[in-house]
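Asks: Provided below are the primary sequence and the corresponding predicted coordinates.
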Amino acid sequence: MKRLKITGMKCPECAQTIKNSLEKVDGVDSALVDLDKDEATIMFEGSGPNDEALITAVKDSGYTADVITPTSKK
């Protein structure tokens, strides 16, 4: 699983557009885009797609994205 911070979403249609674009990336099984949190969660098997491919898919949809780095809990 990878998470992206999405910038530029304004409506449910924006979220759906991003979801559709992410799910076209090779190696992506599914994507969930949360409009309220401005985040996308990408599910995949194995090593999955590289970060650049995911960010490019979002950019090609007209939005921007950054990888959310997991933080360790103590």
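Replies: Structure received.
Asks: Please name the residues that touch the residue nearest in space to the middle of the chain.
Replies: Geometric centre of the chain, nearest residue: Ala40, 3.9 Å, by CA atoms, centre = their mean. Residues near Ala40 by CB atoms under 8 Å, 6 or more residues apart in numbering: 3-4, 6, 18-19, 22, 31-34, 58, 65. In this view, the C-beta of every residue, glycine as well, is placed from N, C-alpha and C.
Asks: Wasn't it part of a strand?
Replies: Yes: if the criterion is DSSP: H, G, I helix; E, B strand; the rest coil, then Ala40 is within a strand.
Asks: Quick one, which of the contacts of Ala40 are buried?
Replies: If you count burial by 16 or more other CB atoms under 10 Å, the buried members of the contacts of Ala40 come out as 3-4, 6, 18-19, 22, 31, 33, 58, 65.
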